[in-house]
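1. Here you go, sequence then predicted model.
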Amino acid sequence: MLIVAALYQFARFPDPAALRPGLLALCQDRGVKGSLLLAPEGINGTIAGPRDGIDAVLAMVRALPGCADLEWKESQADSMPFGRMKVRIKREIVTMGQPDVDPLARVGHYVRPSEWNALISDPDTVVIDTRNDYEVGIGTFRGAVDPGTRSFGEFPAWWQANRDRFAGKRVAMFCTGGIRCEKSTNYLLGQGLNEVYHLKGGILKYLEDVPEPESLWQGECFVFDDRVSVGHGLVPGGLSSCGACRRPVTAEGRAHPEFEDGVCCPACVNEYSQTDRARFRERQHQMMLAASRGSRHLGS
């Protein structure tokens, strides 16, 4: 059994590139795979590996400047959900494109999973899902507003176009693990709102802590690894992902005539060129060859 740890921490990293070699070397030495993003504003990512390997990496992250209070969400996987370990340097650990947004300055009110149902059931609360449209499409909280955004960077423009709809309401926002809400609540506070709330630990913590009979969550929660989605108790769901666009695909989607394994799904059938399609088919071919040899193709 492997441990999957989703983590983030906003912190001041004057030279994030200097942190990369040590993190990458430790992960590779301890059999940990996944993806970590480093930026001047902090660290974000999901990793998987044996218990001792995950503990070692988390200890190194907690030792970084400003990361002593790191919180993370854990789940389990029967097999490795990542093909390799990547540590990348980015401008932002979650891209919003708003240079004045600073979660280290202030954020909205944290709401524990045990208190979330009462907040979002209040008619004076508007609940906003800050995730991308394909994530919302497989699951969300009952009554939540879907901005219909394809990327988090579209959220500020959506808010400006729709803010009058929510006048006089308190705003409660949520996302997968909490990181997007750190930025979105800071953004709304900067727009003059006072009552802004967000789910502490995100959907993953809610699904871990709140018993299914008491839950207001409907559907599954998309995750960015080979599990594709999880449900209550963080049990892996029944979805697969498109090899081209990485959107989640249901059983009905796989049976659709426009679905081609590793090449396209009904959602992205018009989004790629024939050159792209040929490249995707070759990648799928190599993945199948690797699987027949009992190995994993790194392009998967």
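-> Good, I have the coordinates.
2. contacts, neighbours, all on C-alpha from now
-> Fine.
3. domain ranges for the chain?
-> By the assignment in automatic domain parsing, the chain contains the domains 2-89, 109-219, 248-292.
4. pLDDT averaged over the second one, what's the number?
-> Here the mean pLDDT over domain 109-219 is 96, rounded to a whole number.
5. give me the low-pLDDT residue ranges for the stretch 1-150 of the chain?
-> Filtered on pLDDT under 70, the stretch 1-150 of the chain yields no residues whatsoever.
6. which stretches of this structure form helices?
-> Taking DSSP state H as the test, the helices found in the chain are 20-29, 51-62, 113-121, 133-136, 155-162, 179-190, 202-209, 251-254, 274-292.
7. wait, which of the ones you listed is closest to P236?
-> helix 202-209 (11.7 Å; Cα to Cα).
8. Pull out the buried residues from that closest one.
-> G202, I203, L204, K205, Y206, L207, E208, D209 (16 or more other Cα atoms under 10 Å).
9. thinking again about what came up before, now distance to P40 too, for the helices of the chain, in TSV please.
-> Below are these laid out as TSV (distance: least, Cα to Cα, whole Å):
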stretch	distance to P40
helix 20-29	12
helix 51-62	15
helix 113-121	30
helix 133-136	27
helix 155-162	21
helix 179-190	15
helix 202-209	23
helix 251-254	40
helix 274-292	34
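10. Who are the contact partners of the residue most central in space within the chain?
-> In the chain, the centroid-proximal residue (Cα atoms, centre = their mean) is T176; its distance is 5.1 Å. The contact partners of T176, by Cα atoms under 8 Å, 6 or more residues apart in numbering, come to R131, G202, I203, L204, C221, F222, V223.
11. right, and the pair among those with maximum separation?
-> That would be R131 and L204, which, of the contacts of T176, are the farthest apart (Cα to Cα) at 13.2 Å.
12. for the stretch 1-150 of the chain, what spans make up the strands?
-> Along the stretch 1-150 of the chain, counting by DSSP state E, counting those that start in this stretch, strands occupy 2-10, 33-39, 42-49, 71-77, 85-89, 109-111, 125-129, 139-141.
13. Pairing partners for the fifth one, with directions?
-> Looking back up the chat, that one is strand 85-89. strand 33-39 (parallel) (DSSP bridges).
14. Verify the stated contact: M173 with V127.
-> Yes - counting by Cα atoms under 8 Å, M173 does reach V127; the two are 5.7 Å apart.
15. roughly how far is stretch 156-166 from the heart of the chain?
-> Using Cα atoms, centre = their mean, to the nearest Å, the mean C-alpha position of stretch 156-166 is found 23 Å from that of the whole chain.
16. let me fix that: stretch 253-273
-> With Cα atoms, centre = their mean, you get 23 Å for stretch 253-273.
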